[in-house]
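Colleague: build me a structure from this.
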Amino acid sequence: MKPDEESQVTTLIATLLSNAVTVSVLAFVVFAISKLVRHQMVVHGLWVLVMLKLITPSFISLPFAVPIDDSWLTFDSRFIFGESVHGDRNSGDARHATAAMAGNQELNQLPAEVAAGGSLEENASSEAKGATPPVVPDQWFHSWPRIAVSVLLLAWLAGSCIYVARLLIRYFRFCRFLRNNEQIDEELISEGYDLAYKMGLKRPPRVRVLSGAFSPMLCGLGRGLTLILPLDLLHRLTPKGRATLVVHELAHYARGDYLVRVLETVVTAIFWWHPVVWWIRHELEIVEEDCCDTRVLAEFPGQPRHYAEAILDAIDFLCERPVQMPPISSGLGSTPMLKRRLTRIMTETPVPDGPSWGHRTIMACAVVVFPLQMIHFRPEPLVAAKMANAASPSVLSSVVVPEQLSAEEFDSIFSARVWTRVKSPDGRWTLLVDQEQQCRVISLIERRCIDLPTSMASCVVFSPDSQRLAVGTTDGRLLILRAPDWSIEQNIGRGPAIRSVDWSPAGDRIAMCSEAGDIKLLASTDLTCISMRRLPMTFLNCVRFSPDANHLIVGCGDWKTDVDSALLLLDSESLRLTSNWNSEVPIAFVRSGERDDEITCCDWSGRVTLVSLADLRILNSQWIPKDLIAPLVFSVQADDAGVISGAF
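Modeller: Sure, this is the predicted structure:
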């Protein structure tokens with residue numbers, strides 16, 4: 001899944017979950033109101049608003065709304081479906097994808113070869129004999145939150161598909177039932193139209209008569225909206241009882257309840273797992289039946305007994321062999337609420353369901369309720385504080401740069417003990433990183449100190465012009481910060497932790513690798529994906545452009561088990577493997593040598609090796625203390641003490 005697609009999916013899921021929580025609170029509020037308000041039309045409108053809220057975007061947080069970090073809310077399709085190769089989205093050129101596929105075929109043999117320490121040719125024969133790549137359980141251990149969320153979201157999607165499939169099956173079965181059981185009864189059809197006109201319906205629904213055990217129902221949409229009458233039941237009833245049941249269904253039509261059925265179907269298909277949705281549907285059914293009962297009693301004043309007896313006869317009739325109602329239909333209601341309805345019909349004086357203030361109240365509630373949210377998902381707190389600064393250049397220019405420090409304050413900050421220091425190529429900026437990998441940038445010329453608006457940084461690197469800083473995070477985001485205030489200019493992605501980031505010498509591309517084994521090449525202007533591939537090994541420790549930008553140098557290997565220890569050379573355009581060098585110990589980081597045709601790599605044992613870039617031949621080697629390795633891995637520009645630059 002591409003970064004922008006992944007971001008859109010995360011936003012959609014966050015909106016749905018936020019609405020689910022908000023509706024859970026609103027449902028209890030409306031339930032309390034329903035016990036105080038006797039006007040059923042108002043109560044029905046409020047329940048419909050609550051259901052609409054489930055699929056309405058929210059953008060206003062209440063003062064007591066709970067902010068929740070959305071870093072865990074990630075659907076990573078690679079854990080379920082595997083990785084796909086994407087070409088350049090801007091040009092549509094398929095050559096990157098073709099080359100990457102060819103490179104994947106070539107690299108499929110690499111893990112076993114790396115583990116065995118042999119050559120590519122030797123490994124080809126061993127793979128043909130059944131050798132398999134090593135299993136890497138650590139990847140799954142470190143990625144289990146994303147896997148769990150992905151599985152839950154897939155279960156959510158699967159449940160929605162099953163629900164829709166069941167509705168379609170019911171629909172097609174009922175269509176077949178319509179074709180096989182339609183009857184011609186001019187008297188019942190004419191009676192249905194006559195009652196509709198008496199109720200003031202200018203465009204009554206079509207009337208059809210069927211044989212079978214079902215209640216009168218209103219089903220369909222638009223021009224297909226149909227009042228379906230059961231021939232066998234209506235012939236058992238008296239004329240007055242028959243008329244009350246038909247008017248009940250026409251009342252559903254006059255109220256527009258068939259549109260509420262559509263809303264229920266859509267909402268339930270999305271939130272099938274949410275118990276509040278099923279509760280709202282039950283309450284809507286109760287209120288709708290009460291409103292239709294009120295309309296029937298208004299059309300037939302003084303005849304509640306005929307109506308009650310007709311309902312009892314209908315329930316007795318449906319016990320024979322009931323036909324399952326189709327989706328998006330309204331009938332007499334469910335049997336469990338029968339006792340309550342009959343008691344209300346016979347004893348209570350229904351309140352008119354159309355007070356003059358009802359519609360205005362419902363509209364006012366809609367305006368207030370729809371934009372609200374009880375919880376809101378937002379990026380990591382320190383990142384969110386600067387997200388607005390990345391919106392437009394005008395905002396960036398308005399950011400207040402910290403005041404200049406005194407000489408004493410600056411010296412105390414600059415000379416303080418830190419975990420690692422990273423210098424910009426022009427020497428103007430120095431990045432100080434503490435033990436918790438919190439970062440601050442200091443200006444050596446202006447004596448200013450700026451805390452970076454990010455945490456969970458796993459790697460950083462300055463651009464060649466020293467005007468931008470690329471930060472990879474442990475939750476899979478790539479942040480681009482811009483001088484002089486170092487506010488966030490771009491923020492993409494979320495997934496496996498980013499292990500290493502590097503700018504091309506011209507500053508037009510960014511290479512990055514993740515803990516899942518992904519290599520990505522991005523355009524530095526808008527961070528669109530130029531090329532990407534997944535390597536067979538998981539433990540990618542570093543990625544580095546060669547001095548001529550024609551190759552990517554990738555250091556691999558698990559420092560705990562020495563699995564997949566190798567130095568890979570990939571073509572920087574197609575990411576195709578060009579050569580590899582097997583190492584006994586995993587490669588921790590790579591630096592450029594003094595000459596353009598040399599590179600310096602360091603393994604996790606502390607051995608620094610000078611390697612020829614042309615043929616990956618070892619030229620020399622030295623040793624450094626092991627406690628210096630992790631700080632140097634953090635950035636390809638971290639070498640404040642000159643440990644690597646002065647090794648040879």
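Colleague: L154 should be in a strand, yeah?
Modeller: No - under DSSP: H, G, I helix; E, B strand; the rest coil, L154 sits outside any strand and is assigned helix.
Colleague: low-confidence ranges in the stretch 501-648 of the chain?
Modeller: Scanning the stretch 501-648 of the chain for pLDDT under 70 picks out 538, 640-641, 643, 645-648.
Colleague: and the strands in it?
Modeller: 509-514, 518-523, 529-534, 540-545, 551-556, 566-571, 577-582, 587-592, 598-603, 607-612, 618-623 (DSSP state E, counting those that start in this stretch).
Colleague: now these as JSON lines including distance to S635 and mean neighbour count?
Modeller: Yep, even glycine has a C-beta here, placed from its N, CA and C like the rest. As requested, those are exported to JSON lines (distance: least, C-beta to C-beta, whole Å; neighbours: other C-beta atoms under 10 Å):
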{"stretch": "strand 509-514", "distance to S635": "13", "mean neighbour count": "24"}
{"stretch": "strand 518-523", "distance to S635": "18", "mean neighbour count": "22"}
{"stretch": "strand 529-534", "distance to S635": "22", "mean neighbour count": "23"}
{"stretch": "strand 540-545", "distance to S635": "10", "mean neighbour count": "24"}
{"stretch": "strand 551-556", "distance to S635": "14", "mean neighbour count": "25"}
{"stretch": "strand 566-571", "distance to S635": "19", "mean neighbour count": "22"}
{"stretch": "strand 577-582", "distance to S635": "23", "mean neighbour count": "18"}
{"stretch": "strand 587-592", "distance to S635": "9", "mean neighbour count": "24"}
{"stretch": "strand 598-603", "distance to S635": "13", "mean neighbour count": "24"}
{"stretch": "strand 607-612", "distance to S635": "17", "mean neighbour count": "19"}
{"stretch": "strand 618-623", "distance to S635": "21", "mean neighbour count": "14"}
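Colleague: what about the ones you listed, which gets the closest to M217?
Modeller: strand 529-534 (52.6 Å; C-beta to C-beta).
Colleague: ok so, going back, will you turn the strands of the stretch 501-648 of the chain into CSV that also has distance to V262?
Modeller: Formatted as CSV, those follow (distance: least, C-beta to C-beta, whole Å):
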stretch, distance to V262
strand 509-514, 43
strand 518-523, 43
strand 529-534, 39
strand 540-545, 50
strand 551-556, 53
strand 566-571, 53
strand 577-582, 55
strand 587-592, 59
strand 598-603, 63
strand 607-612, 67
strand 618-623, 71
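Colleague: among the ones you listed, which comes closest to I498?
Modeller: Closest among the strands of the stretch 501-648 of the chain, using C-beta to C-beta: strand 509-514, at 5.4 Å.
Colleague: show me what the closest one pairs with in its sheet, parallel or antiparallel.
Modeller: strand 498-503 (antiparallel), strand 518-523 (antiparallel) (DSSP bridges).
Colleague: need those in a markdown table (columns: distance to A630).
Modeller: As requested, the strands paired with strand 509-514 are exported to a markdown table (distance: least, C-beta to C-beta, whole Å):
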| stretch | distance to A630 |
| --- | --- |
| strand 498-503 | 12 |
| strand 518-523 | 22 |
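Colleague: of those, which is nearest R203?
Modeller: strand 518-523 (57.3 Å).
Colleague: hang on, F317 packs against R236?
Modeller: Yes - between F317 and R236 there is a contact at 6.7 Å, judged by C-beta atoms under 8 Å.
Colleague: of the two, who's got more company?
Modeller: Set F317 next to R236 and count neighbours by other C-beta atoms under 10 Å: F317 wins out with 18 against 14.
Colleague: mind picking out the helix or strand in this protein with the poorest mean pLDDT?
Modeller: Here the helix or strand of the chain ranked lowest by mean pLDDT, DSSP states H and E is helix 393-397, holding a mean of 35.
Colleague: tally of neighbours for the closest residue to D426 other than its chain neighbours?
Modeller: Using C-beta to C-beta, 6 or more residues apart in numbering and skipping residues adjacent in sequence, the residue nearest D426 is S466, 4.3 Å away. Number of residues near S466 (other C-beta under 10 Å) recorded here: 16.
Colleague: S466 against W429, yeah?
Modeller: Yes - using C-beta under 8 Å, S466 is in contact with W429, at 6.3 Å.
Colleague: give me the common contacts of these two.
Modeller: Contact criterion C-beta atoms under 8 Å, 6 or more residues apart in numbering; residues shared by S466 and W429: A483.
Colleague: point out where the stretch 251-400 of the chain drops to low pLDDT.
Modeller: 320-325, 331-338, 348-359, 374, 376-400.
Colleague: do a quick rundown of the helices in it.
Modeller: For the stretch 251-400 of the chain, the helices defined by DSSP state H, counting those that start in this stretch cover 257-270, 275-299, 304-318, 338-347, 358-369, 381-387, 393-397.
Colleague: next up, the contacts around L225.
Modeller: Applying C-beta under 8 Å, 6+ apart to L225 gives the contacts P205, R206, L218, C219, Y253, Y258.
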